[in-house]
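**Q** how would this look folded up:
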Amino acid sequence: MVFWEGYLSDESMGTFAPIAVYWIYAGMYQLLPPLDSYRLHTRKEEEQRNLVSMSSVVKGVLLQQLVQASVAELLFLATTKADSAGAPEQPSVLVQFMQILVAMLVMDTWQYFVHRYMHQNQFLYRHVHSQHHRLVVPYAIGALYNHPLEGLLLDTFGGAISFLITGMTARTAVIFFCFAVIKTVDDHCGLCLPGNVFHLFFQNNTAYHDIHHQLQGTKYNYSQPFFLVWDKIFGTHMAYNLVKRPEGGYEARPAKD
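**A** Alright, predicted model coming up:
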């Protein structure tokens, strides 16, 4: 039994919970004090180097989430109608864990190749993917700031394919989609906080993705949001050294391996 049972369907939670979690988690980062001792870029860099205002970023994220919610509703509707026996029985915790792990690998695979192609195809980079790179200095609220077409192809379709391939229930999808959202937000937060569990358990983290947003790293570190598998296999992995800046904070310096 889950806390929303009797109030909302699993399908509705699968659609709207990731959106709520995005704004709660990203908003938490936004409300934190400056924390200059843990920032990967100074606040001055963020103001001077970013090419888009926060209001435009918020509008862009809301547009992507509108499309995301529409596709999710259609996806859940289609899979529910396909199951003539009614709501599927919830599998064991072990099965759900394995489904989520496989879904993570599927999402990583989809996003790596789509993301990489958007960099290699000059038309797609110039007219689509470059919108995300207007945030030269990423921050949490901008994690899903993308061109609408990129949001659909990279994130929304990536989530849908992961859901369909693993055969997870809508209830399991709530857990997976919310976790993926939290991880994506954290990868763009721009902070290396001590004790951050994502930095402890994932090499693909805030500093790793920050390298990709730097000029010398745009052809590397395409993997997102979980593992480094495809970067390692295809030679697009760029290691980094995390060093302290004299004026405070950290800097992720590329060190191609």
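**Q** Doesn't residue 252 belong to a strand?
**A** Yes - counting by DSSP: H, G, I helix; E, B strand; the rest coil, residue 252 falls inside a strand.
**Q** who's in contact with it?
**A** 40, 207, 208, 210, 211, 214, 240, 241, 242 (C-beta atoms under 8 Å, 6 or more residues apart in numbering). C-beta: built from backbone N, CA, C; applies to glycine.
**Q** Show me which of those is closest to residue 6.
**A** The closest of those to residue 6 turns out to be residue 208 (C-beta to C-beta; 41.4 Å).
**Q** Distance-wise, check the closest one relative to residue 34.
**A** Residue 208 is 23 Å from residue 34, where distance means C-beta to C-beta, to the nearest Å.
**Q** Same drill for the two, tell me which one is more crowded.
**A** residue 208 (24 against 10; other C-beta atoms under 10 Å).
**Q** To which secondary structure element type does residue 239 belong?
**A** strand.
**Q** Look up the pLDDT of it for me, please.
**A** What the model reports for residue 239 is a pLDDT of 94.
**Q** And for it, the neighbour number?
**A** Neighbour count for residue 239, taken as other C-beta under 10 Å: 14.
**Q** Spell out the secondary structure type for residue 57.
**A** Assigned state for residue 57: helix (three-state reduction, three-state DSSP).
**Q** Test my guess that it contacts residue 141.
**A** Yes - with contact defined as C-beta atoms under 8 Å, residue 57 reaches residue 141; the gap is 6.2 Å.
**Q** Quick check on the two: which one has the bigger neighbour count.
**A** It is residue 141, of residue 57 and residue 141, that has more neighbours when counted by other C-beta under 10 Å, with 22 against 19.
**Q** The more buried one and residue 133, how far apart?
**A** Taken as C-beta to C-beta, the span from residue 141 to residue 133 is 16 Å.
**Q** wait, what's in contact with the residue nearest the centre of the chain?
**A** The residue lying closest to the centre of the chain (C-alpha atoms, centre = their mean) is residue 184, at 2.6 Å. By C-beta under 8 Å, 6+ apart, the residues touching residue 184 are 143, 144, 224, 225.
**Q** Which strands or helices does the helix or strand harbouring residue 111 pack on?
**A** Assigned by DSSP states H and E, residue 111 belongs to helix 93-120. Applying 3 or more C-beta pairs under 8 Å, 6 or more residues apart in numbering; DSSP states H and E, one finds that helix 93-120 contacts helix 122-127, helix 157-166, helix 170-187, helix 229-234.
**Q** Show me the one of these that comes nearest residue 11.
**A** Among these, the nearest to residue 11 by C-beta to C-beta is helix 170-187 (4.8 Å).
**Q** quick one: low-confidence parts of the stretch 151-257 of the chain?
**A** For the stretch 151-257 of the chain, residues meeting the criterion pLDDT under 70 lie at 256-257.
**Q** Just the buried positions in stretch 18-25, please.
**A** Neighbour-count burial for stretch 18-25, with 16 or more other C-beta atoms under 10 Å as criterion, is recorded at 18, 19, 21, 22, 23, 25.
**Q** From residue 17, how far out is the fifth one?
**A** Yep, that's residue 23 we're talking about. Distance, residue 23 to residue 17, using C-beta to C-beta: 11 Å.
**Q** Same check on the last one?
**A** From residue 25 over to residue 17 the distance is 12 Å, taken as C-beta to C-beta.
**Q** where in the stretch 1-150 of the chain is pLDDT low?
**A** For the stretch 1-150 of the chain, applying pLDDT under 70 flags the ranges 81-88.
**Q** Not counting the strand or helix carrying residue 44 itself, show me its contacts.
**A** In this assignment (DSSP H and E), residue 44 forms part of helix 43-49. By C-beta under 8 Å, 6+ apart, the residues outside helix 43-49 that reach it are 34, 36, 41, 136, 137, 139, 190.
**Q** Most neighbours among those residues, which one?
**A** That'd be residue 190 among those, by other C-beta under 10 Å, with 26 neighbours.
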